[in-house]
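# Here is a sequence with its predicted model. Questions after.
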Amino acid sequence: MTPDQVEALFTRADGQYLFARWGRPIVPVVFGVEDATLSVVKGAVEAVVALAGHRIAETDPELGANLMVFFCRDWAELPEVPNLDRLVPELRGLCARLEAAGANQYRIFRFDAAGAIRAVFVFVRMDAHLAAVPAEVLALSQAVQMILLWSDRAFGDQSPLAQGAGGAVLLRPEIAALIRAGYDPVLPAVATDASHALRLAARIGRAI
């Protein structure tokens, strides 16, 4: 990947470059799926976290769980989840906007005082399109999108996934290398200067 391509993945629609990675171990919990799908989702999260060289933990001292993934059939189901409105203020209004927009997924990031990721709430509405996607593919896609604070325009033109040998769906090698580079302990957990993309790109070139 060129520095410009890396920069685009972390440059928001308003032109701001903003990179952030997790600043604490990730504690995932998944709601709204059967046990078989639960293991697939958690397995994808664990694989991406291991790729990044980050850590999974049993509990977060502040939140208990800091990566919460909610699957639903209709956005109207979410306000009925006990205490979810305490974690996500104005939840009913958000769900109404998602319904009006025809959205099928949404992510909310929370940050610590330094700007690193401290929690992510992932909402997935299983519409006809997502229902047709294999669970492994959907889970891997969601895991990739929570491991870093990507641009709100990232992956709009090209998925982070690709089809490998035998039809298996895998992370694109350059995206896998970018995730590893993003968690290089030499680099900062948060960056707002686009020169950061140059440092990422240099590491990607060595990793692929």
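Noted; the coordinates are in hand.
# okay, CA-based contacts and neighbour counts for the rest of this
Fine.
# where are the low-confidence patches of the protein?
206-208 (pLDDT under 70).
# Just want the most central residue of it.
What sits nearest the mean C-alpha location of the chain, by Cα atoms, centre = their mean, is Met146, with 1.5 Å.
# Which residue, other than its chain neighbours, is closest to that residue?
In space, and not counting its chain neighbours, Met146 is closest to Val120: 6.9 Å by Cα to Cα, 6 or more residues apart in numbering.
# Show the contacting residues for the nearest residue to Ala52 once chain neighbours are set aside.
Spatial nearest neighbour of Ala52, chain neighbours left out: Arg180 (4.6 Å); criterion: Cα to Cα, 6+ apart. Taking Cα atoms under 8 Å, 6 or more residues apart in numbering, we find Arg180 in contact with Leu51, Ala52, Gly53.
# got it, and Pro160?
Neighbour list for Pro160: Ser141, Val144, Leu171, Arg172, Ile175 [criterion: Cα under 8 Å, 6+ apart].
# How about the secondary structure of the first one?
What it means is Ser141. helix (DSSP: H, G, I helix; E, B strand; the rest coil).
# what about it, how many residues close to it?
When neighbours are defined as other Cα atoms under 10 Å, Ser141 has 20 of them.
# if I look at it, how far off is Val40?
12 Å (Cα to Cα, to the nearest Å).
# Do you have the helices of the chain handy? List them.
Using DSSP state H, the helices of the chain run over 3-9, 35-52, 84-87, 91-101, 128-131, 135-147, 173-182, 195-207.
# which residue lies farthest from the center of the protein?
Gly166 (26.3 Å).
# in stretch 46-62, what counts as buried?
Under the neighbour-count criterion of 16 or more other Cα atoms under 10 Å, stretch 46-62 has Glu46, Val48, Val49, Ala52, His54, Asp60 buried.
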